[in-house]
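Enquirer: turn this into a structure:
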Amino acid sequence: MNYEALHKAIQVAGGTQTALAKKMSEHGKKVYQCHIWNLLNRDKNIKGELAVQIEHATNGQVTRQDLRPDIFGQPNESA
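Expert: Predicted coordinates:
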């Protein structure tokens, strides 16, 4: 998992773990702040479903490829 991308998602969502969790909850299953904390501090990988929720919650500013290139492929390189 790309932790830099997860930190960027938090900033894009409003700067807090709670803000990201709320936005993610609008795009799939309910997510709580503790889930985001676990992703940052305990989990080694984010589930594909959550990566997709983050992509939607950030309006594509952080993509599933950014978070899990091992599942979804490398982010597109734009020139």
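
Enquirer: enumerate every residue touching the residue nearest the centre of the chain.
Expert: The chain has I54 as the residue nearest its centroid, 3.7 Å off, counting by C-alpha atoms, centre = their mean. Counting by C-beta atoms under 8 Å, 6 or more residues apart in numbering, I54 touches 6, 9, 20, 24, 46, 62, 64, 67. For every residue, glycine as well, the C-beta is placed using N, CA and C.

Enquirer: which helix or which strand is home to the first one?
Expert: Looking back up the chat, that one is L6. L6 belongs to helix 3-13 when assigned by DSSP states H and E.

Enquirer: share the number of residues neighbouring K22, please.
Expert: As a burial measure, K22 scores 17 neighbours (other C-beta atoms under 10 Å).

Enquirer: list the buried residues of the host helix or strand of it.
Expert: Element membership for K22, per DSSP H and E: helix 17-25. Buried residues in helix 17-25, counting neighbours by 16 or more other C-beta atoms under 10 Å, are found at 17-24.

Enquirer: same check on stretch 65-79?
Expert: Neighbour count says stretch 65-79 has 65-68, 72 buried, by 16+ other C-beta under 10 Å.

Enquirer: stretch 43-52 too?
Expert: 46, 50-52.

Enquirer: give me the subset of those residues that lies in strands.
Expert: Residues of these located in strands (DSSP state E): none.
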